[in-house]
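[1] Below: sequence and its predicted model.
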Amino acid sequence: MGKLLEVKDLRVSFHTYAGEVKAVRGVSFELNEGETLAIVGESGCGKSITSKSILRLIPSPPGDIKKESQILYKDKDILKMNEKELRMLRGGEISMIFQDPMTSLNPTMKIGKQIAENLIVHRGMNKKEAIKEAVKMLQMVGIPNAQERVNQYPHQFSGGMRQRVMIAIALACNPKILIADEPTTALDVTIQAQIMDLMKELQNNLGTAIILITHDLGVVASIAHRIQVMYAGMVVERGTTDEIFYNPKHPYTWALLKSVPRLETKHKDTLYSIKGTPPDLLKPPVGCPFASRCEYCMEICKEQMPKPTKISDTQEVSCFLLHPNAPKVEPPQGIGGKL
Amino acid sequence: MMNENLIEVKNLKKYFKISKHDILKAVDNVSFNIRKGETLGLVGESGCGKTTCGRTVLGLYEATDGEILFKGKDISKLRGNEKKEFTKNAQIIFQDPYASLDARMTVGDIIAEGIDIHNLHTGKERTEKIYELLSLVGLNKEHASRFPHEFSGGQRQRIGIARALAVEPEFIVCDEPISALDVSIQAQVVNLLINLQRNLGLTYLFIAHDLSMVKHISDRVGVMYLGNLVELASSGVLYDKPLHPYTQALLSAIPIPDPDVSRTRKRIMLEGEVPSPINPKPGCRFAPRCKYAKPICKEVDPVLKEVEKDHFVSCHLY
Ligand SMILES: Nc1ncnc2c1ncn2[C@@H]1O[C@H](COP(=O)(O)OP(=O)(O)OP(=O)(O)O)[C@@H](O)[C@H]1O
Ligand SMILES: Nc1ncnc2c1ncn2[C@@H]1O[C@H](COP(=O)(O)OP(=O)(O)OP(=O)(O)O)[C@@H](O)[C@H]1O
Ligand SMILES: [Mg+2]
Ligand SMILES: [Mg+2]
């Protein structure tokens, strides 16, 4: 499996009147051909901003991708590409399913035309072929009466149907990389499973690499090869799916797994949630960003950011608990090992 | 258990005319009650009419046919003060946190919109209330002066929740209030909704795709399929003993957060063409995809009937 994408020390800020919001603070990762990398983490931790940076979709101002950042696609730095190169990249080589379907669809344009446009630009189809293909794509994502539906506008679609239109647009050009930001949140579980199968099929047939951003750890368990856990603009742990589910090492990952809703929990009992709030990214802490909410926090954690420690060839954790001199702690009951 | 009905929905229909010949039956003859202090969960396939149902119940869409009673009064007949009272008492948390927040307003003003309309608090009291609501949903007071585009998806969703809670309503339609949130904040919001219900007696219609959360928060759960209510039961019973073939397929597809289990598990695959709500054919809407379908299913509309105590299903198998 070849390396397709390499993000190096990505730093993204937003300049607001209140000051500089440091949304992404030194994120590095690789993506290989044919793999699915899941990015998980608390709301606001920088998942969407990281993925939008890959397509250079951060408006500037107020957004600001720092100079030291690099995003290499087939060894070429996306952050240095010109407009023409970017156009070919977006929607052709790399496509994205956005978290907000309503704002990314054009409310004044018919659904069919919106899908067809991409096909005309990237696959050189004529208008008639493109509309025909658009109907096929809508059927593929499970929208009935596609023939009539292509002539409707976004507001006439339900939330989940709009999301599926976005998915159809993203898949239409057989991208090398598919970035899917919460692709199935508005979908019921049967259609969700169908969409996941569709993504897996695309991957098997064409070797597409997928970056999947989602809060649904059930979906992650069923489709991801590797998982990257983010917190307050940083990667705190990464590993294979089995490593993260069965042998997690970071206290934030523990807390995350413990918060997962389960069918067995008692009716209306208080569910576990992590106490406190994530740090304000206007003034991010110097030490570990999770320190203020961590049950195992030590003095050093507040003063210094821990360096990544390798657990295996694939697993890496940034936490002082893994320092040889740190006290040994066990993950909380029910975390790690079989769930 | 309280037995007084806060909401009664009787034979509700909401049709959209989408062209000269085509009628889309988004909600087709749906009836249910919600008792005071109860949470009714509503689940079902994407596009089956949950949002339309919720909006019509609040009077945001005009019903094509049928009746909606709030405290025994037909909401389409409310006027003047009564109507104003209803719009304050019945709130919605919108499904789409992006489109539903006015981009030109600060978060504080968005949250206080209802407070201002209904003149509930002014000046310092208003500001205090905004801060209180922000902290209730896990945001902080610095956020009040910022604009929606400066927030992530999950943060915006919480702004929508704070806005709905601001006017202290009695009834809230929660249209996928947690789907954009991470699991820890999901838990926080669900705990919050349950606590508000315990302390203030709130009533919810809770629409969501996350079936484990729906089970957790709901007293009863209704399952919709293509504009129809196909099953209704207490949440424990529905999950332990689903009767409708669609409900069974739905429950079998819940993703399990355990890689080994999800690799080996079999889910009930729904074969066949997904039928359309546009000019639907007679008979059970699920019949084309149902492996138990008999000839009668394609001809006669099944009706919702009580097959066990408080367990309703609309299916010719029963
Ligand atoms: N235009 C902006 N101006 C200021 N801050 C911003 C802007 N856009 C994003 N942010 C901040 O950047 C941080 C990261 O946002 P991002 O959208 O990447 O979060 P996320 O991890 O995708 O969260 P979610 O799971 O809720 O979608 C957030 O704290 C957000 O408040
Ligand atoms: N304004 C409208 N005009 C025409 N058709 C509409 C309109 N609003 C909704 N519909 C149609 O009504 C049906 C039900 O939509 P609704 O939004 O209620 O579904 P839903 O159950 O909430 O789905 P989801 O889970 O995807 O949000 C869909 O077929 C949709 O296309
Ligand atoms: Mg996001
Ligand atoms: Mg909806």
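    Nice, thanks for sending it over. Ligands and ions are numbered 1, 2, ... in the order given.
[2] Now look at stretch B:83-101 and say if it contacts ligand 1.
    No. Figure legend: stretch B:83-101 not in contact with ligand 1 (C-beta under 6 Å from any ligand atom); closest approach 9.2 Å. For glycine as for every other residue, the C-beta is placed from the backbone atoms N, C-alpha and C.
[3] chain center to that stretch, what's the gap?
    12 Å (C-alpha atoms, centre = their mean, to the nearest Å).
[4] Identify each buried residue in it, please.
    B:86-101 (16 or more other C-beta atoms under 10 Å in any protein chain shown).
[5] Name the nearest of the residues you listed relative to residue B:300.
    Each of the buried residues of stretch B:83-101 was scored against residue B:300 by C-beta to C-beta, and residue B:95 proved nearest at 33.7 Å.
[6] The closest one contacts residue B:51, correct?
    Yes. Between residue B:95 and residue B:51 there is a contact at 5.9 Å, judged by C-beta atoms under 8 Å.
[7] got any residues that touch both of these two?
    A:159, B:175, B:207 (C-beta atoms under 8 Å, 6 or more residues apart in numbering or on different chains).
[8] before we move on, could you check phi and psi at the second one?
    Here is the backbone geometry of residue B:175 (degrees, to the nearest 10): phi -90, psi 100.
[9] Neighbours of it, how many?
    Here the number of neighbours of residue B:175 (other C-beta atoms under 10 Å in any protein chain shown) works out to 24.
[10] if we can go back for a sec, of the shared contacts of residue B:95 and residue B:51, closest to ligand 4?
    residue A:159 (4.2 Å; C-beta to the ion).
[11] tell me the contacts of the nearest residue to residue B:297 once chain neighbours are set aside?
    Nearest non-adjacent residue to residue B:297, counting by C-beta to C-beta, 6 or more residues apart in numbering or on different chains: residue B:287, 4.1 Å away. The contact partners of residue B:287, by C-beta under 8 Å, 6+ apart, come to B:293, B:297, B:298.
[12] Helix, strand or coil: sort out the second one for me.
    Each residue gets one of three states, and residue B:297 gets helix by DSSP: H, G, I helix; E, B strand; the rest coil.
[13] Contact partners for it?
    B:283, B:284, B:287, B:290, B:316.
[14] picking up where we left off before, from the buried residues of stretch B:83-101, which ones fall inside strands?
    B:90, B:91, B:92, B:93 (DSSP state E).
[15] doesn't residue B:171 make contact with the third one?
    No. In this structure, residue B:92 sits apart from residue B:171 without contact. The criterion is C-beta under 8 Å, and the distance is 9.6 Å.
[16] residue closest to the middle of chain B?
    Central residue check for chain B by C-alpha atoms, centre = their mean: the C-alpha nearest the mean position is that of residue B:207, 2.7 Å away.
[17] Tell me what that residue is bridged to.
    residue B:42, residue B:175 (DSSP bridges).
[18] Quick check: the gap between it and ligand 3.
    According to C-beta to the ion, to the nearest Å, residue B:207 and ligand 3 sit 21 Å apart.
[19] And the contacts of the longest helix along chain B?
    In chain B, with assignment by DSSP state H, the single longest helix is helix B:183-200. With C-beta under 8 Å, 6+ apart as the test, helix B:183-200 has contacts from A:42-43, A:215, A:217, A:255-256, A:259-261, A:268, A:270-274, B:37, B:39, B:136-138, B:154, B:158, B:161, B:165, B:168, B:174, B:177-178, B:181, B:202-204, B:206, B:210, B:213, B:216-217.
[20] Can you flag which of those belong to strands?
    B:39, B:174, B:203, B:204, B:206.
[21] Pull the distance from the longest helix of chain B to the chain's centre.
    16 Å.
[22] how about the helices in the chain?
    No chain in the question, so chain A it is. Counting by DSSP H, the helices of chain A are A:47-54, A:83-89, A:101-104, A:111-123, A:127-140, A:146-149, A:159-171, A:189-206, A:217-223, A:241-246, A:251-259, A:299-303.
[23] My question was about chain B, not that one.
    B:50-57, B:80-89, B:107-117, B:123-136, B:153-166, B:183-200, B:211-217, B:235-240, B:245-252, B:259-264.
[24] partner residues bridging residue A:73?
    residue A:5, residue A:76.
[25] Now do the contacts for it.
    Neighbours of residue A:73 in contact, by C-beta under 8 Å, 6+ apart: A:4, A:5, A:89, A:93, A:94, A:177.
[26] Most neighbours among those residues, which one?
    Ranking those using other C-beta under 10 Å puts residue A:94 first, with 24 neighbours.
[27] Give me the neighbour count for residue A:2.
    Neighbour tally, residue A:2, other C-beta under 10 Å: 9.
[28] so residue A:262 touches residue B:213, yeah?
    No. Using C-beta under 8 Å, residue A:262 is not in contact with residue B:213; the gap is 10.2 Å.
[29] Looking at the two, which is more packed in?
    Taking other C-beta under 10 Å, residue A:262 and residue B:213 do not tie; residue B:213 has more neighbours (24 against 15).
[30] Assess the claim that that one and residue A:260 are in contact.
    No. Using C-beta under 8 Å, residue B:213 is not in contact with residue A:260; the gap is 10.7 Å.
[31] Could you double-check that residue B:252 sits in contact with residue B:269?
    No. Taking C-beta under 8 Å as the definition, residue B:252 is not a contact partner of residue B:269, at 9.1 Å.
[32] Identify the residues contacting residue B:25.
    B:13, B:15, B:227, B:277, B:278, B:280.
[33] And the fifth one, how close does it get to ligand 3?
    With the distance defined as C-beta to the ion, residue B:278 ends up 33 Å from ligand 3.
[34] Quick check: that residue vs ligand 2, distance?
    8 Å (C-beta to the nearest ligand atom, to the nearest Å).
[35] same check, this time on the last one
    Using C-beta to the nearest ligand atom, one gets 11 Å for the distance from residue B:280 to ligand 2.
[36] nearest spatial neighbour of that residue, skipping sequence neighbours?
    Using C-beta to C-beta, 6+ apart, the closest residue to residue B:280 is residue B:25 (5.8 Å).
[37] How many neighbouring residues does residue 35 have?
    I'll assume chain A. By other C-beta under 10 Å, neighbour count at residue A:35 equals 18.
[38] Please refer instead to chain B.
    18.
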